[in-house]
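Engineer: any chance you can model this:
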Amino acid sequence: QTSCLNPGKTATMSNATFVHPAKFYISGFSDIPHVKYLYVFLCFVYIMTVLGNGLLLSVIYLDKTLHTPKYMIVFNLAFIDLCGSTALIPKVMDTFLFGNRYIVYEACLNYMFFVWLSTSVQSWTLVIMAYDRFIAICFPLRYHSIVTEAAIAVMLLFVWVFMSCLIAWMVGLLNQLSFCGSVVIQSFFCDHGPTFRLACNDTSLNYIIAFIVFTTIDCIPPILIALTYICIAIALSRIASRQERLKALKTCISHLIIVGIFFLPLLGTDLAVLTSYIHPNARIINSTTIPPLLNPIIYSLKTEEVLNSIKKLLKNNKLSSITFSRKVTSLP
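Structural biologist: Numbers count the residues shown, from 1 in each chain. Below you'll find the predicted structure:
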């Protein structure tokens, strides 16, 4: 073992080359007035996220009429929203509300991996949703032959595998760095940028992978989504009836709202980090907190199929309860 320059911090020597600290210190949410209100808000956000996404997952699972390619994508989105919020918010609460600001080096890397993986999978799930809407509107007669359950399953599996490998590569490269100076991460979680910038050896490869991940998550997906909606707009312009155009466009509203909620804060905070200064705590508003809360609400309120399924399940549950009660009362 060897020591970091910061007093009281120990580090382990890996292959006699790289110095890794025993722990990092997460410094986010420092000197924020009335910070307890923020913790109450985060707690509320997490509880509602779990309830909302749990309800949406349950409805899709229980109602066989929703076992379609479109709702496979919605199911995946709700699942990754639930996983991403669970990876981030409880740990943030533990870190700051209970004062556990020190985090073991290996735990920090695992934390970073799961938060970034949830963001990346969510980003590409929205692209697959846009593809679904593109085929439905531009090639309606061929929709059921193109957008099959098998095709969507392959797409979703590819996204999970590819993004897992990319994020694992990004996080794994941190093991090639030596942290012989500060171990204070200027963020509210083990974020990639604030962590690798603490290293005292060459970080050029980490900058490159950070740029690749930024392009893969923040740039390519919104460009592809924009292109699909340009094609959708051209297809809708060829429809003679205004009523039919509005009906087709209505099927895209939920997706467009979710895309805006996800990408606008994400692009705003990430571009601010690249071009100027942004407070480290500002990133709490992006894809890891608010979108997972709002996505199930949007799909429940804006999608007629989900509302009908909820009503049907509630009705069936009520009928089952009445039947059970009658059986119980009829017993001798």
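
Engineer: what's the burial count for Ala199?
Structural biologist: By other C-beta atoms under 10 Å, the residues close to Ala199 number 18. For every residue, glycine as well, the C-beta is placed using N, CA and C.

Engineer: what's the helix or strand for it?
Structural biologist: When elements are assigned from DSSP states H and E, Ala199 belongs to no helix and no strand.

Engineer: how near is it to Ile209?
Structural biologist: For Ala199, the distance to Ile209 equals 13 Å [C-beta to C-beta, to the nearest Å].

Engineer: shared neighbours of those two, anything?
Structural biologist: Common contact partners of Ala199 and Ile209 (C-beta atoms under 8 Å, 6 or more residues apart in numbering): none.

Engineer: count of neighbours near Tyr102?
Structural biologist: 15.

Engineer: Ala87 touches Val115, doesn't it?
Structural biologist: Yes - applying C-beta atoms under 8 Å, one finds Ala87 in contact with Val115, separated by 5.3 Å.

Engineer: pLDDT of stretch 67-76, averaged?
Structural biologist: Averaging pLDDT along stretch 67-76 yields 92.

Engineer: help me confirm that Ala233 is found in a helix?
Structural biologist: Yes - counting by DSSP: H, G, I helix; E, B strand; the rest coil, Ala233 is found in a helix.

Engineer: numbering from 2 from now on, please.
Structural biologist: All set: I'll call the first residue 2, so the last point we hit is now Ala234.

Engineer: where does pLDDT dip in the chain?
Structural biologist: Within the chain, the stretches with pLDDT under 70 are 2-17, 32-33, 241, 271, 273-289, 302-303, 318-333.

Engineer: contact partners for Leu237?
Structural biologist: Ile138, Arg246, Ala249, Leu250.

Engineer: let's see if you can find the most crowded of these.
Structural biologist: Each of the contacts of Leu237 was scored for neighbours by other C-beta under 10 Å, and Ile138 scores highest at 22 neighbours.

Engineer: so for the helix or strand that one falls within, what gets flagged as buried?
Structural biologist: Taking DSSP H and E as the definition, Ile138 sits inside helix 106-139. Within helix 106-139, the residues that count as buried by 16 or more other C-beta atoms under 10 Å are 106, 109-110, 112-139.

Engineer: do stretch 231-240 as well
Structural biologist: Using 16+ other C-beta under 10 Å as the test for burial, stretch 231-240 gives Ile233, Ala236, Leu237.

Engineer: just the residues you listed now: which is nearest Pro293?
Structural biologist: Checking these against Pro293 by C-beta to C-beta gives Ile233 as the nearest, at 25.9 Å.

Engineer: ok, that closest one to Gly261 distance?
Structural biologist: 16 Å.

Engineer: this completes my enquiry, with thanks.
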